[in-house]
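Participant: sequence isn't available, so here's the structure alone:
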């Protein structure tokens, strides 16, 4: 069984995996967060055990289901959740001990759920420290971070990759998940970048590309983080917020936008977390304590996002039909931003 130790902003994951495919891809996804020594310095430690074997359904007690969705049914007993992935796999999560056991004979399912367990629990534990995730692309230049909030499949990753390719001074914060605090600091969180179309990565060496099927996302091409060596941003100040939308016009343009019009996108992408990768069966627990925790979390998210919107310069990114040109407009925009002292 392979052992992977990760530390992500003081949240430690000890992951034990007996499936080679899963182990290799988790290592590539979280390459920046390996903890090489055994010394425990994190504020939270979570254990995940992943087994490529038939799910032991006999271990689920005779309890009623608490949550249903299209791909799973969750059963809850006290602080332990049992999730049945429609006969394809099973997850047992003990919230008191912060221990997970995941079973399936399907390696793709094991990989996707392992990845989501890490992201789900990391996000909720960081919420408790008032460091909140938002579904956005983040790029940095001269100490200034520009956050781009776009709807799903609107071209966020394509635009970010184009900007990185065509301007070597721009650094990557994240193409999908950015973390912010009330001081207006943006914390980089960079995983492998996934794209759907091969044309986006035609010029990249094949050694950096992994073709994979991800449940719910279909076929994707994942770009190893080694490709972006030297291009990763550090913790930086937020300077600009771009609210993106597709417009049926040829060119792309960036215009000033009132802060009031930024509130709804931040509620969707930050407060409600639309587009963030997570396992809803772990996020929603349904007891009174959890309800109070979620109310506190929503209040904290609202406060922080209102503060950072108020402090940042806000713009609308109107993306035209020629999406490849959108990166050029973003580069011009970032070139005009002043360095933070």
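Facilitator: Received it, and whenever you're ready, just let me know what you need. Note that this is a predicted model, so its numbers are computed, not measured.
Participant: please make it C-alpha for all contacts and neighbour counts, starting now.
Facilitator: OK.
Participant: quick check: buried residues in stretch 173-192?
Facilitator: If you call a residue buried by 16 or more other C-alpha atoms under 10 Å, then stretch 173-192 has these buried ones: 173-182, 184-192.
Participant: inside strands: which ones of these?
Facilitator: Cross-referencing these against strands under DSSP state E gives 173, 174, 177, 178, 179, 180, 185, 186, 187.
Participant: looking at those, which is nearest residue 151?
Facilitator: Within these, proximity to residue 151 (C-alpha to C-alpha) peaks at residue 177, which comes in at 13.3 Å.
Participant: can you read off the pLDDT for that closest one?
Facilitator: Predicted confidence (pLDDT) for residue 177: 91.
Participant: how near is it to residue 28?
Facilitator: Distance of residue 177 to residue 28, given as C-alpha to C-alpha, to the nearest Å: 17 Å.
Participant: which secondary structure elements does the worst-scoring helix or strand of the chain on mean pLDDT contact?
Facilitator: Sorting the helices and strands of the chain by mean pLDDT, DSSP states H and E puts helix 280-283 at the bottom, at a mean of 76. Contacts defined by 3 or more C-alpha pairs under 8 Å, 6 or more residues apart in numbering; DSSP states H and E place helix 280-283 against strand 80-84, helix 107-128.
Participant: on contacts alone, who are the packing partners of the helix or strand that it is followed by?
Facilitator: Going down the chain from helix 280-283, the next helix or strand is helix 288-311, by DSSP states H and E. When contacts are defined as 3+ C-alpha pairs under 8 Å, 6+ apart, helix 288-311 packs onto helix 260-266.
Participant: pull out the buried residues from the helix it packs on.
Facilitator: Of the residues in helix 260-266, those with enough neighbours to count as buried (16+ other C-alpha under 10 Å) are 262, 263, 265, 266.
Participant: CSV for those, including distance to residue 333 and pLDDT?
Facilitator: Formatted as CSV, the entries for the buried residues of helix 260-266 read as follows, by distance: C-alpha to C-alpha, whole Å; pLDDT from 0 to 100:
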residue, distance to residue 333, pLDDT
262, 19, 94
263, 22, 92
265, 21, 92
266, 21, 91
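Participant: so can I have TSV of those showing distance to residue 275?
Facilitator: Output for the buried residues of helix 260-266, formatted as TSV (distance: C-alpha to C-alpha, whole Å):
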residue	distance to residue 275
262	17
263	17
265	12
266	12
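Participant: among those, which one sits closest to residue 16?
Facilitator: Closest approach between the buried residues of helix 260-266 and residue 16, by C-alpha to C-alpha: residue 266, at 36.0 Å.
Participant: in contact with the closest one, which residues?
Facilitator: Applying C-alpha atoms under 8 Å, 6 or more residues apart in numbering, one finds that residue 266 lies in contact with 134, 305.
Participant: good, we can wrap up now.
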